[in-house]
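Chemist: sharing a model prediction with you, sequence too.
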Amino acid sequence: MDMRQERCRIAALQGASSATIQGFLSDFAARLAGEGRKVAGVVEIAAADGPACGQLALRDLSTGSVFSISQDLGSGSSSCNMDPSGIAEACAAVERSIAAGADLIIISKFGKLEAERGGMRDAFAAAVAAGLPILTAVSPAVAEAWSVFAGPLSRFLPVDSTLVHAWWSDIRTAPDLPAAG
């Protein structure tokens, strides 16, 4: 195993509504950016151009770009309205930000799509491979799949500013391990 993967630390938020967690992630990113930290990734927002129910987008924390991740399936549809092309665009943007370098990667969530090996999973994998710390959300419904994916690299945290800032402080001050050789 690459030593960079061993020092990657991931905090997975739980214990609040999706909207509360996404607002927290956005605020945390803004605070760190205000401190001069380079934060990359995406947070989930309600799409401005769609009906209030079920229209979502991802906002890129590096560029401010917005990627619609919902598609209009018509008023009678009961199918999942996730737009694979929007999610793929957002994932590629996060991967470019990871390659450009960052202090922290925030990815809106590890959800059903990621548990099924899709969605933003490649962005998570790229951040892990780059040895970057990750802050995300994980629904209890996919916690088992998350544990398989992240294993001992991750720990769950409640949506608590003091605890998340303590986690971030620990990461910033942890000594780097020597490169594998």
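Modeler: On my side now, so go ahead. Residues are numbered from 1 along each chain as shown.

Chemist: pLDDT below threshold where in the protein?
Modeler: For the chain, applying pLDDT under 70 flags the ranges 1-8, 47-54, 71-82, 174-181.

Chemist: how about the residue most central in space within the chain, secondary structure?
Modeler: With distances taken as Cα atoms, centre = their mean, the residue of the chain nearest its centroid is I107 (1.0 Å). Look at I107: counting by DSSP: H, G, I helix; E, B strand; the rest coil, its state is strand.

Chemist: check which helix or strand the closest residue to Q14 other than its chain neighbours maps to.
Modeler: In space, and not counting its chain neighbours, Q14 is closest to F156: 5.4 Å by Cβ to Cβ, 6 or more residues apart in numbering. Every C-beta, even on glycine, is put in place using the N, C-alpha and C of the backbone. Assigned by DSSP states H and E, F156 belongs to strand 154-158.

Chemist: what angle do strand 154-158 and the helix or strand following that strand make with each other?
Modeler: Sequence order places helix 161-173 as the next helix or strand after strand 154-158, per DSSP H and E. Inter-element angle recorded for helix 161-173 and strand 154-158: 150 degrees (by axes from the mean of the first three to the mean of the last three Cα atoms, to 10 degrees).

Chemist: just checking, what packs against helix 161-173?
Modeler: Counting contacts by 3 or more Cβ pairs under 8 Å, 6 or more residues apart in numbering; DSSP states H and E, helix 161-173 is packed against strand 10-14, helix 18-34, strand 154-158.

Chemist: the protein: helices as residue ranges?
Modeler: Secondary structure of the chain by DSSP state H: the helices cover 3-7, 18-34, 84-100, 112-115, 121-129, 143-150, 161-173.
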